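K.L.:
have a look at this fold, sequence not included:
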Ligand SMILES: Nc1ncnc2c1ncn2[C@@H]1O[C@H](COP(=O)(O)OP(=O)(O)OP(=O)(O)O)[C@@H](O)[C@H]1O
């Protein structure tokens with residue numbers, strides 16, 4: 001096992017930190033000005049909190065999430081997840097960190113789940129990718145427990161296509177919880193849902209924070225969704241307001 005988790009309590013109390021993180025994009029074809037999607041952004045997200053990142057279109061929300069979650073590498077600055085400097089990791093180590101210590105819920109339920117796997121297999125997929133035996137009773141029990149938690153007990157043997165969009169997003173939340181990650185990143189998780197389904201998904205994310213002490217960072221353009229968070233970070237022109 002890699003000893004990447006810092007045992008210093010002060011460090012562990014911050015689940016995610018960005019220090020002067022910038023992400024610049026060169027103009028296509030090389031001419032003209034570069035785009036500064038993130039401009040020296042610094043913030044510290046405490047463990048066990050629910051943070052929403054809001055702001056107008058093009059303000060840098062997606063770039064913030066991509067850099068914070070190790071899906072993109074910043075041009076400058078430092079991102080730490082659970083005390084680990086993502087910039088110090090090789091691509092392979094970064095992939096392992098994303099798999100084991102970060103949970104993801106994406107915007108489109110169609111993109112979240114693997115259609116060829118049943119619902120329970122989707123939930124335990126991060127454990128199986130990390131080497132767990134999918135037939136191990138403890139793995140199966142964990143999948144069943146999480147499906148019950150998101151209100152889908154007994155549906156594990158079905159395919160994702162048999163569920164509504166809102167139900168599929170609840171499966172995605174269950175999967176994001178399965179590894180007990182340091183941070184769960186949610187990118188517009190309710191964008192394609194009706195208000196009732198959206199409330200169920202947001203309630204599950206809030207419970208993950210309140211009951212399990214998980215840390216959730218959610219990008220949204222929806223003020224109602226943002227109102228479920230403890231802290232709202234507002235982006236404007238690549239900066240935090
Ligand atoms: N691959 C890229 N190449 C060039 N510019 C980019 C690229 N990705 C993003 N940008 C620019 O960076 C800025 C921030 O984009 P970003 O997608 O992070 O904003 P956003 O707040 O998530 O927007 P939206 O709410 O519309 O998704 C925008 O000006 C965008 O045009």
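P.N.:
Received it, and whenever you're ready, just let me know what you need. Remember, predicted model here, so these are calculated numbers, not experimental data.

K.L.:
do I have it right that residue 104 meets residue 176?
P.N.:
Yes - using Cβ atoms under 8 Å, residue 104 makes contact with residue 176 at a distance of 6.0 Å. Placement of C-beta: from N, CA and C, glycine included.

K.L.:
between those two, what contacts are shared?
P.N.:
184, 186 (Cβ atoms under 8 Å, 6 or more residues apart in numbering).

K.L.:
between those two, which has more neighbouring residues?
P.N.:
residue 176 (28 against 20; other Cβ atoms under 10 Å).

K.L.:
helix or strand for that one, which one?
P.N.:
Here residue 176, judged by DSSP states H and E, is contained in helix 165-177.

K.L.:
need the next SSE after that helix, C-terminal direction.
P.N.:
Scanning forward in sequence from helix 165-177 by DSSP H and E, the next helix or strand is strand 183-187.

K.L.:
that next one and the ligand in contact?
P.N.:
No - under the criterion of Cβ under 6 Å from any ligand atom, the ligand is not reached by strand 183-187; the shortest gap measures 8.7 Å.

K.L.:
quick one, strands of the chain?
P.N.:
14-25, 35-46, 50-54, 76-81, 84-85, 102-105, 183-187, 216-219, 231-236, 239-240 (DSSP state E).

K.L.:
average pLDDT across the helix of greatest length in the chain?
P.N.:
Secondary structure of the chain per DSSP state H: the longest helix is helix 195-210. Regarding helix 195-210, the rounded mean pLDDT is 95.

K.L.:
go through it and flag the buried ones.
P.N.:
By 16 or more other Cβ atoms under 10 Å, the buried positions in helix 195-210 come out as 197-205, 208-209.

K.L.:
so which of these is the closest to the ligand?
P.N.:
Using Cβ to the nearest ligand atom, residue 198 comes nearest to the ligand of the buried residues of helix 195-210, at 17.2 Å.

K.L.:
gap between that closest one and residue 172?
P.N.:
According to Cβ to Cβ, to the nearest Å, residue 198 and residue 172 sit 13 Å apart.

K.L.:
which residues sit in contact with the closest residue to residue 23 other than its chain neighbours?
P.N.:
With sequence-adjacent residues excluded and distances taken as Cβ to Cβ, 6 or more residues apart in numbering, residue 23 is closest to residue 38, at 4.2 Å. Applying Cβ under 8 Å, 6+ apart to residue 38 gives the contacts 21-23, 60, 63-64, 67, 74, 238.

K.L.:
can we see that at 10 Å?
P.N.:
18, 20-24, 59-61, 63-64, 66-68, 72, 74-77, 235, 238-240 (Cβ atoms under 10 Å, 6 or more residues apart in numbering).

K.L.:
restrict those residues to those near the ligand?
P.N.:
Filtering the contacts of residue 38 for proximity to the ligand by Cβ under 6 Å from any ligand atom leaves 59-61, 63.

K.L.:
from these, which land in helices?
P.N.:
61, 63.

K.L.:
which of the ones next to the ligand among the contacts of residue 38 lies closest to residue 185?
P.N.:
Of all the ones next to the ligand among the contacts of residue 38, residue 185 sits closest to residue 61, with 11.5 Å by Cβ to Cβ.

K.L.:
count the residues that sit near that closest one.
P.N.:
24.

K.L.:
do the same with residue 63
P.N.:
Using other Cβ under 10 Å: residue 63 sits among 24 other residues.

K.L.:
next: the one 4 residues further on.
P.N.:
For residue 67, the neighbour count with other Cβ under 10 Å is 24.

K.L.:
please apply the same query to residue 165.
P.N.:
Residue 165: 15 neighbours (other Cβ under 10 Å).

K.L.:
ok, it touching residue 192?
P.N.:
Yes - with contact defined as Cβ atoms under 10 Å, residue 165 and residue 192 form a contacting pair (5.8 Å).
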